[in-house]
Structures are given as C-alpha cells and as structure tokens.
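I'll drop the sequence and a predicted model, then ask my questions.
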Amino acid sequence: MKTETVALIALVSLVTPVLTSYLVEALRRRPTGPARVPSDPGVTVDYANIGGLRVRYLKMGRGPNLVLLHTLRTQLDIFQKIIPKLAEQFTVYACDYPGHGWSDIPHAEYAPEDFYQWTEAFLETVDIREACVVGVSIGGTIALVLAARQNPRVARVIAINPYDYPPAGGIRSSSLMARLILGPAAVPILGATLMRLRNRFVSDTIMAGGVASADALSPELRAEFYEVGERRGHYQGFLSLLSHERRWAEARNLYPQIKIPTLLIYGEQDWAPVAQRERTGGLIPGVVVKTVGSGGHFLTLDRPAELTELIVPFVARTSTAPDPPAMPGATNRLNESQHG
C-alpha cells in the first residue's frame, strides 16, 4: 500500500469522529426550562437579572435567610431532598449558576472568580441579607471565599465537601467513566470531541459517581441532569470550567481571613483525600468540622436527614435570633472536631 494511501486512511480515521461529533451535537434536541420545580410541581421558579444574565432561582419558606449553592455541573434540584424541611424554619433560596441548570449560558471563562462574582451579584440583586450560605462542592468553596472577603450579606457559612483540593481527588476520581471522558478534557480537539459524543449512559454513570448509594440519585434527577446538558453551549461552558479546575485550590489562601461562624461537613466517601480535608479544616479559624458516614460528594442526596440535622442547630447556635425548635430525624454516625 502506498504511503499516500496510508496517510489518507489515517487522516480520514482522525477526522471522521470529529465531524461525526459535530453532527451529533447539531442534531440534539434543545430543551426548554420548566416553569416549576420538577420534584415539586407546587413550587414555581423565578429569574433574577445578574448583569444581563437570567439566573433561575427559587424562594421558599419563612424565617432567617438561608442560601443554597450547588455543585459543579448540577443545579438547584440537587437540594430537592432538604429544601422542604429547611423551608419550615428558614427563608430558603437556591439558584442555578450561569452555565448551569436553566440559567443563561454566557460566553465566559467559568473560572472561580466568575462564580464568586456571580454569587455576590445574586445576593445583591435579590437583596438577601444576614444569610447563612450553605454550599456543596464548588458551592462550599464559593461560600468560604465570600466569608473570607467579609461579604456584608453573609453572616455564617456551611461548606459541604468544598471543592478546594484539585488536582488531588476531584470529579475525575469519581469513576472510571469520569476518568475516560473528563480526563482528556484539556486535550485540544479530543476533549471537545468526546464531550460532543456524550450520551445518557455516560451522563448517568458519571453522575452516579457523586453518591455513595446508587438509589440516592433518582431516575428523574438523572434525566434532568442529562437534559440540561443538551442545551446549546452547555458542554463548552463545562469544558471551560474544567480547564480552570486547579484554580479552585487557590481559595484556601483566603480561608485564614474568615471571621464568621463556619461549619465544615464532609461525606465519609467524598472525593477529597483525607489529608486535604484536614488541611482545609486547619486553615479556618474556629471552624467546626463534622463527617457524615456513608455519604458521598452529593451529600444532599445521600444523607438529607443527617445534613438537615447539622444545619438547623448550627444556625440556631450562631444566630442572635431565637433558636428554632430542634428537628427530629434519623441519626447517623457523626464525627466532630473543632479547630481554633
């Protein structure tokens, strides 16, 4: 076989998957956002204008303000198991970051600083004051950074499995599928090609790596996560976020400046290596650290009752307002320590 023929075959073999991936992406159905929360049709959603971006959020309940910030690649629905209970005692807010859920998908870097500024703008636009900010994953890191920067609207922070340790651990360590699909994300052409060829099986498998128990992630929520990923521009935004993943660790440089009550919660099976958890805890003055047994990265789905039992008393103890009544609920193995 001539050299030219071999070269042509090789070129076609390389180009075909790339062209196919563009075709697959172009033929995807483009979903539209629901008017209500799928897990609770009685709850309507609203949109805030954040610097020209429409950001989806919900507001439920009455009482002290409590703001929920979700993980990377998910959306406010990840709190569906804890919002009803929390709304009995708090005014609960939850939002989708830009590029996530059903919020607008801007052309942005999706670097950590973007998320810090978007969250600050959300608090200001919706005029949320004296808030307890509860964040999971990057949401936990965002909450800690806002506290370190002495944001005047943040009164206390609960950081759940904060995502401040890459390259150690992280979403790529959650499953073999995550390593295969997300590992090459930064490789030119290859990373984007693999992302465009994503399918429901790939999405479900990667998402399942966030929970300790497979049944904690309902079929309906898996479908919602995949549907959101079909939106135009979504995969590019996620690739941009991954390209800045290591920069989330820079947040730890600010933690010693935190001066407000802080609760740090880890799922026993979270992606963060134990050494990184201890390092984060050691940086925050006066922090209370707890570990929830049999819980993964998406702790709001794995252990909602135990998590709610931790949130309510912490807010009560650190608030000048009258303490809310103790909440009954299931118990679980909890390990607690305090750094000071």
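That came through, no problem.

where do the helices sit along this protein?
If DSSP state H is used as the criterion, the helices of the chain fall at 3-26, 83-86, 112-126, 138-148, 176-182, 190-196, 200-208, 219-228, 234-243, 274-283, 299-302, 304-317.

Comparing those by mean pLDDT, which bottoms out?
Lowest mean pLDDT within those: helix 3-26, at a mean of 85.

sorry, back to before: and of the helices of the chain, who's closest to residue 43?
Judged by CB to CB, the one of these that comes nearest to residue 43 is helix 83-86, at 8.2 Å. Where C-beta positions appear, they are placed from N, C-alpha and C, glycine not excepted.

Which strands and helices lie in contact with the closest one?
With contacts taken as 3 or more CB pairs under 8 Å, 6 or more residues apart in numbering; DSSP states H and E, helix 83-86 sits against strand 53-60, strand 91-95, helix 304-317.

Let me know which of these is tucked in deepest.
Among the helices and strands packed on helix 83-86, strand 91-95 has the highest mean neighbour count (mean count of other CB atoms under 10 Å), at a mean of 25.

same question for that strand, mean pLDDT?
Averaging pLDDT residue by residue across strand 91-95 gives 98.

what comes into contact with that strand?
48, 55-70, 76, 79, 83, 86, 103, 122, 126, 128, 131 (CB atoms under 8 Å, 6 or more residues apart in numbering).

contacting residues for residue 81?
Residues counted as contacts of residue 81 (CB under 8 Å, 6+ apart) are 300-301, 304.

Could you save the helices and strands packed on helix 83-86 as TSV and add columns showing distance to residue 204?
Shown next, in TSV, are those (distance: least, CB to CB, whole Å):
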stretch	distance to residue 204
strand 53-60	23
strand 91-95	23
helix 304-317	21
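
Residue 214 is nearest to which of these?
That would be helix 304-317 among the helices and strands packed on helix 83-86, by CB to CB, at 15.9 Å.

Now the closest one - C-alpha only, CSV.
Only the C-alpha atoms of helix 304-317 are listed here, as CSV (Å, rounded to 0.1, in the frame of the first residue of the first chain):
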residue,chain,number,x,y,z
PRO,A,304,-30.5,14.6,53.6
ALA,A,305,-31.9,13.9,57.1
GLU,A,306,-28.5,13.9,58.7
LEU,A,307,-27.4,17.0,56.8
THR,A,308,-30.6,18.9,57.9
GLU,A,309,-29.9,17.9,61.5
LEU,A,310,-26.5,19.5,61.2
ILE,A,311,-27.6,22.7,59.5
VAL,A,312,-30.5,23.7,61.8
PRO,A,313,-28.7,23.5,65.2
PHE,A,314,-25.6,25.3,63.7
VAL,A,315,-27.7,28.2,62.5
ALA,A,316,-29.5,28.3,65.9
ARG,A,317,-26.3,28.3,67.9
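
Report pLDDT for the residue nearest the centre of the chain.
When CA atoms, centre = their mean is applied to the chain, the residue found nearest the centroid is residue 71 (0.5 Å). With respect to pLDDT, residue 71 has a value of 98.

Can you tell me, leaving aside adjacent residues, what's nearest to it?
Spatial nearest neighbour of residue 71, excluding adjacent residues (CB to CB, 6 or more residues apart in numbering): residue 137 at 3.4 Å.

Could you pull up the residues touching residue 226?
Residues in contact with residue 226 (CB under 8 Å, 6+ apart) are 200, 203-204.

May I ask which of these has the most neighbours?
Using other CB atoms under 10 Å as the neighbour test, the contacts of residue 226 are led by residue 203, with 21 neighbours.

Quickly list what residue 37 is bridged to.
residue 40 (DSSP bridges).

isn't it right next to residue 58, touching?
Yes: counting by CB atoms under 8 Å, residue 58 is a contact partner of residue 37 at 6.3 Å.

Find residues that contact each of these two.
Common contacts of residue 37 and residue 58 (CB under 8 Å, 6+ apart): 43-45, 76.

Generate a PyMOL selection restricted to the buried subset of the contacts of strand 91-95.
Buried residues among those (16 or more other CB atoms under 10 Å), as a PyMOL selection:
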select buried, resi 48+55+56+57+58+59+60+61+64+65+66+67+68+69+70+76+79+83+86+103+122+126+128+131
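
Does residue 80 touch residue 40 like I think?
Yes: using CB under 8 Å, residue 80 is in contact with residue 40, at 7.1 Å.

Comparing the two, which shows the higher neighbour count?
Legend: neighbour count by other CB under 10 Å for residue 80 and residue 40, higher for residue 80 (21 against 14).

check contacts around that one.
Applying CB under 8 Å, 6+ apart, we find residue 80 in contact with 37, 39-40, 221.

Now compare these and name the two farthest from each other.
Counting by CB to CB, the most remote pair of the contacts of residue 80 is 40 and 221, 12.4 Å apart.

thinking again about what came up before, by neighbours, which of the shared contacts of residue 37 and residue 58 wins?
Using other CB under 10 Å as the neighbour test, these are led by residue 76, with 24 neighbours.

Pairing partners for the residue nearest to that residue when sequence neighbours are not counted in the sheet, please.
Leaving out its chain neighbours, the residue that sits closest to residue 76 by CB to CB, 6+ apart is residue 94, at 3.9 Å. Residues in a beta bridge with residue 94, per DSSP bridges, are residue 58, residue 68.
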